[in-house]
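J.: just a sequence and a predicted model for now, questions to come.
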Amino acid sequence: MAIGAAEAGLAAGDGRTETAAGSRRAFRLRASAGGWGRALLRFGVAVALPVGAFLLWEIVVDSGLASGRLVPPPSRILATLADLWTAGQLADHVASTCLRVLLGFLAGAAVGALAGSLTGYFRFVHAAVDPTLQALRAIPSIAWVPLFILWFGIFETSKVVLIATGVFFPVYLGVSTALLSVDRKIVEVGRIFRLSGFDLVRRILFPAVLPAFIVSLRAGLGLGWMFVVAAEFMGASEGLGYLLVDGQQLGKPDQIMAAILIFAVIGKLSDALLVRATAPLVAWQDNFSRGGL
């Protein structure tokens, strides 16, 4: 009888284990379905405004209330994109622009983070270097174009350097300002625990400035997409900036709008990719969020 009771207990335990495992699987499935549902809802809300505006303009042009000559309707823009894709030109233009932005972003972000770290950590470096960099930051992007052409020529180097210049300043300003704004009491707590040098930077300063650094990277990436247009004005034979210039010279507003639309889409996608890639680094933040999305 004791053996039978033991076997019954084991069977009951196995049943409870299977029930618990099934409950966990069901919970994961519900959470996954809920996550996909929220993602689709957010996507729908995000695209509602531009899609509604496009549909409204298409209706206005089709009804004859506007000619659509200077601001073509979405149907003509999509037809132009289809023609460029069929001709095999669109992929080359997009790839050239994305490669320039990528190289310029990596170079500008690296130099900006290094310069911001030095001026934020060392007060003497900040006093000696920051005023000059702030003056250079006020120079418009177009003003650098003739100088970079003289220095680097009209080929890829000048374009990448111009984009890196645009990325450098927001990253530098974000890192430097974040370091200067670190709460002194947090640093003192680190010193109480005998943290100094590299350990203080790694355990205290780096986590404190990381959220601001990520925001500055996003701002730098946005300026990189802006500066690439000025860069591709410098004698480029391919790229989205070249499509803009070509459309302006040949009177093709549909091609201009198509290039602008592509800039908007890939700019948003690159920003979303950067946010997703850096999200695990700030997962420790307990942020306030409002609303159900």
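T.: Perfect, thanks for sending it.

J.: ok, Q249 to F233 distance?
T.: 12 Å (C-beta to C-beta, to the nearest Å). Bear in mind the C-beta positions are built from the backbone N, C-alpha and C, glycine included.

J.: quick one, which of those two is more surrounded?
T.: Neighbour count, other C-beta atoms under 10 Å: between Q249 and F233, F233 has more, with 17 against 8.

J.: show me what contacts the more buried one?
T.: F233 is in contact with 145, 241, 245, counting by C-beta atoms under 8 Å, 6 or more residues apart in numbering.

J.: which parts of the stretch 151-293 of the chain are strands?
T.: Here the stretch 151-293 of the chain has no strands by DSSP state E, counting those that start in this stretch.

J.: before we move on, back to that, which of the contacts of F233 ranks first by neighbour count?
T.: Going by other C-beta under 10 Å, G241 tops the contacts of F233 with 23 neighbours.

J.: you'd agree that residue is up against F227?
T.: No: using C-beta atoms under 8 Å as the test, G241 is too far from F227 to be in contact (10.0 Å).

J.: pLDDT below threshold where in the chain?
T.: Under the criterion pLDDT under 70, the flagged ranges of the chain are 1-35, 288-293.

J.: spatially central residue for it, please.
T.: Nearest to the mean C-alpha position of the chain, by C-alpha atoms, centre = their mean, lies D271 at 2.0 Å.

J.: now that one: how far from V94?
T.: Counting by C-beta to C-beta, the gap from D271 to V94 is 16 Å.

J.: helices of the stretch 151-293 of the chain, residue ranges please.
T.: Ranges of helices in the stretch 151-293 of the chain, per DSSP state H, counting those that start in this stretch, are 156-180, 184-192, 198-200, 206-232, 240-250, 253-278.

J.: tell me which of the ones you listed lies nearest to P140.
T.: Between P140 and the helices of the stretch 151-293 of the chain, the tightest spacing by C-beta to C-beta is seen for helix 206-232, at 9.0 Å.

J.: buried sites along that closest one?
T.: 208-214, 216-225, 227-232 (16 or more other C-beta atoms under 10 Å).

J.: cool, and stretch 82-98?
T.: 84, 90, 93-94, 96-98.

J.: of the residues you listed, just say which sits nearest to A258.
T.: Distance to A258 across those (C-beta to C-beta) is lowest for L84, with 7.1 Å.

J.: so the closest one: helix, strand or coil?
T.: helix (DSSP: H, G, I helix; E, B strand; the rest coil).

J.: look up how far A283 lies from V94.
T.: In terms of C-beta to C-beta, V94 sits 32 Å off from A283.

J.: with D83 instead?
T.: 45 Å.

J.: now do F54
T.: From F54 to A283 the distance is 36 Å (C-beta to C-beta).

J.: repeat for G239
T.: Taken as C-beta to C-beta, the span from G239 to A283 is 37 Å.

J.: between these two, point out the one with more neighbours.
T.: G239 (26 against 6).

J.: I'd say that one and E232 touch.
T.: Yes: the pair G239 / E232 is scored as a contact, 4.3 Å apart, by C-beta under 8 Å.

J.: between those two, what contacts are shared?
T.: 97, 100.

J.: what residues sit buried inside stretch 169-184?
T.: Quick answer for stretch 169-184 (16+ other C-beta under 10 Å): 169-176, 178-179, 182.

J.: got the CA positions of it in CSV?
T.: As requested, the backbone C-alpha atoms of stretch 169-184 are provided in CSV (Å, rounded to 0.1, in the frame of the first residue of the first chain):
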residue,chain,number,x,y,z
PHE,A,169,28.5,67.9,-33.4
PRO,A,170,25.3,66.5,-31.8
VAL,A,171,27.2,63.5,-30.6
TYR,A,172,30.0,65.6,-29.1
LEU,A,173,27.5,68.0,-27.5
GLY,A,174,25.3,65.2,-26.1
VAL,A,175,28.3,63.3,-24.5
SER,A,176,30.0,66.4,-23.2
THR,A,177,26.9,67.9,-21.7
ALA,A,178,25.8,64.6,-20.1
LEU,A,179,29.2,64.1,-18.4
LEU,A,180,29.1,67.7,-17.1
SER,A,181,25.6,67.1,-15.8
VAL,A,182,26.3,63.9,-13.8
ASP,A,183,25.1,64.2,-10.2
ARG,A,184,28.1,64.9,-8.0
